[in-house]
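Novice: Build me a structure from this.
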Amino acid sequence: MKKLKTVLMVGIVALMSVMFVSEDAFARGGRSSSRSSSSRSSSSRKSYSKPSANKPSARKSWSQKKKTVKPSSRKTAKKKMTPAQQKSLETAKKNGTAFKSKSAAQSAFKTKHASKYKSKYSTKPATRPSHIPQNTNVGGVNYNVTYNQGMGGYGYMNTLGTFMMYDMMSDSIMRNRMMAQQHYIVQPPVIVHRTSSFGGAILGVLFGIVILAVVFFGIVHIMKN
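Specialist: Here you go, the predicted model:
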């Protein structure tokens, strides 16, 4: 009997602890839902307590319905960069060539360097310019880029037999290469991980089930003996 009383006392204490953990976990998990449901109920009472012709109250109740508690979020550190990438980023920040988006970096690069990376030359250069490739891809078709004396510059002959001047700013491969040389960089974004309190509630329930199972089988074992 003493063993049975001891087991029962342990079971009661374990049950109380399980109830406390579960209640605390569900309280954190359901806090946002209770707030949103209370706001819905209050807004519905406000909207139905007055005539339907009262439009301001309808708009007010709609705005209250839209207010929800966002799940907690946690910001992590930026992804680690190699020493070369870090040095290039520091140089870009000093030069004012670090951007938050790729489109912003491309627009700034084109505005400042469009005249520098030209394709028109009155005479053929003794050395092929570094920004003029041997071939380019346009619309999924590869074309050889050559100098045309009559057109006064570098370009390619398209499928219709028309000579087209080469545009480095439209060639993504060469443009990105030249942008890297000029330290035009897109800054890595901060990674945000959103966490929800429902995970804690689930762990609390599983923990309670395990404790209850241990207590139950302990009582059964003692009763058999």
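
Novice: Show me this structure divided up by domain.
Specialist: Using automatic domain parsing, the domain ranges for the chain come out as 2-68+199-224, 101-186.

Novice: By mean pLDDT, show me the worst of those.
Specialist: Mean pLDDT is lowest for domain 2-68+199-224 among the domains of the chain, at a mean of 59.

Novice: So residue 208 versus residue 219, what's the distance?
Specialist: 17 Å (CB to CB, to the nearest Å). All C-beta atoms are positioned from the backbone trio N, CA, C, and that covers glycine.

Novice: Residue 133 too?
Specialist: Computed as CB to CB, the residue 133 to residue 219 distance reads 81 Å.

Novice: ok, now residue 87?
Specialist: Distance from residue 87 to residue 219, by CB to CB: 68 Å.

Novice: What of residue 162?
Specialist: Residue 162 is 91 Å from residue 219, by CB to CB.

Novice: which one of those two has more residues nearby?
Specialist: Between residue 162 and residue 219, counted using other CB atoms under 10 Å, the more crowded position is residue 219 (16 against 9).

Novice: helix/strand/coil for that one?
Specialist: At residue 219 the chain is in helix, as set by DSSP: H, G, I helix; E, B strand; the rest coil.

Novice: let's number from 9 now, not from 1
Specialist: Yep, numbering from 9; the last one is residue 227 now.

Novice: Please tell me how far it sits from residue 93.
Specialist: With CB to CB as the criterion, residue 227 and residue 93 are 63 Å apart.
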